[in-house]
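Peer 1: sequence? don't have it. structure:
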């Protein structure tokens, strides 16, 4: 009977041993990585900390060189890229008619005087015919006036006939001038013509950025949309929205650094050429116009960009705000001095922006600053300093 009880208790004992073993293994698996993690950060000096090359923390830390740049007068300002109107031509129909031929496509590069389209214009053909007729009538009456003057008054012709010949000639000259002016009104750019067809040509060299002309399109003068827009893409304007408080410090000829989401990390130079004289009542902003050096053609009209108006002198190291750790009234960054070794530096900020800040003291240009994982390093640094 007693042996039977022992056999009944044996499964319970084995189950208890298994549960105890599982609990021990679970607790052991939890504490061992923690201990290894704590040991992976080693204090390497009063303001430095090092990690083994196999430390898992290194996967969460990223460092990159911090460049020295000109210091802006304020945080990045909203701006818009626009056509440089001094290097842009918007071409409208000079005369009513129908487009019979298109010679260019959007994106084509054209030369000054190159034909963009041919317009069949009956009104222009009629005006040219009237001009030819007026010139022929003027020539006929000029010859009549010369013959009358050669005969002379009182000899071979009456005085009234001489005066009539002179009056007819002057009237013919006036009619020729009127017909010529009508042709000029219908063809203000003195475009090349063939019969009643007018050649719409580009007045400047550039790129066709817009084309609203289609084959057989009926065109009339005074339409709202231009048939073609030709511009030099290397020359653009930058329209910057300035808050009122910056008006005393923004001057013409000030340098501007332009950044866009299309090309992160790349900046394009610009220079302010005009500061607006009125405040927009809705936005309370003043528009400043800058000229962009777009030699590489990366920026396009109507792009929204960020503009940094730079100070006249002085450079500082730019770091993203994710690199900065605040402790009380002091600011710190971590610099990677060797693989796995990080040094904490106290820095003095010249300008603090929304996305990045400029360090006046504490960093040297092109040092590798931690841009991701600075808070982790700060926590490890504090833990390593504890006894």
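Peer 2: Everything's here; your move. Remember, predicted model here, so these are calculated numbers, not experimental data.
Peer 1: quick one: distance of the helix or strand where residue 173 lies to the chain centre.
Peer 2: Element membership of residue 173, judged by DSSP states H and E, is helix 159-186. Relative to its parent chain, helix 159-186 has a centroid offset of 56 Å by Cα atoms, centre = their mean, to the nearest Å.
Peer 1: where does the prediction get shaky in the stretch 51-200 of the chain?
Peer 2: Applying pLDDT under 70 to the stretch 51-200 of the chain flags the ranges 153-156, 187-194.
Peer 1: helices of that one, start to end?
Peer 2: Using DSSP state H, counting those that start in this stretch, the helices of the stretch 51-200 of the chain run over residues 122-151, 159-186.
Peer 1: dump those into a markdown table; add mean neighbour count as well.
Peer 2: Bear in mind the C-beta positions are built from the backbone N, C-alpha and C, glycine included. Formatted as a markdown table, the helices of the stretch 51-200 of the chain follow (neighbours: other Cβ atoms under 10 Å):
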| stretch | mean neighbour count |
| --- | --- |
| helix 122-151 | 16 |
| helix 159-186 | 15 |
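Peer 1: mind putting these into CSV with distance to residue 367?
Peer 2: Listed next are the helices of the stretch 51-200 of the chain as CSV, based on distance: least, Cβ to Cβ, whole Å:
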stretch, distance to residue 367
helix 122-151, 70
helix 159-186, 68
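Peer 1: so which of those helices comes closest to residue 68?
Peer 2: Residue 68 lies closest to helix 159-186 among those, at 59.5 Å (Cβ to Cβ).
Peer 1: helices or strands up against that closest one?
Peer 2: Judged by 3 or more Cβ pairs under 8 Å, 6 or more residues apart in numbering; DSSP states H and E, helix 159-186 is in contact with helix 122-151.
Peer 1: and residue 318, what does it touch?
Peer 2: 66-69, 356-359 (Cβ atoms under 8 Å, 6 or more residues apart in numbering).
Peer 1: now do 10 Å
Peer 2: Contacts for residue 318 (Cβ atoms under 10 Å, 6 or more residues apart in numbering) come out as 66-72, 308, 350-351, 353, 356-359, 363, 365, 369.
Peer 1: re earlier: nearest to residue 218, out of the helices of the stretch 51-200 of the chain?
Peer 2: Among the helices of the stretch 51-200 of the chain, the nearest to residue 218 by Cβ to Cβ is helix 122-151 (11.9 Å).
Peer 1: how far off centre is the closest one?
Peer 2: In terms of Cα atoms, centre = their mean, the centre of helix 122-151 is found 57 Å from the chain centre.
Peer 1: same deal with stretch 89-97?
Peer 2: From the chain centre to the centre of stretch 89-97 is a distance of 29 Å (Cα atoms, centre = their mean).
Peer 1: going forward can the numbers begin at 277, since that is how I track them
Peer 2: All set: I'll call the first residue 277, so the last point we hit is now stretch 365-373.
Peer 1: start and end of that stretch, how far apart?
Peer 2: Terminal residues of stretch 365-373 lie 21 Å apart, using Cα to Cα, to the nearest Å.
Peer 1: mind giving me the domain split of this structure?
Peer 2: 319-345+591-661, 353-360+508-590, 365-397+472-507, 404-456 (automatic domain parsing).
Peer 1: export those domains to CSV and tack on distance to residue 462?
Peer 2: Shown next, in CSV, are the domains of the chain (distance: least, Cβ to Cβ, whole Å):
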stretch, distance to residue 462
domain 319-345+591-661, 56
domain 353-360+508-590, 28
domain 365-397+472-507, 4
domain 404-456, 9
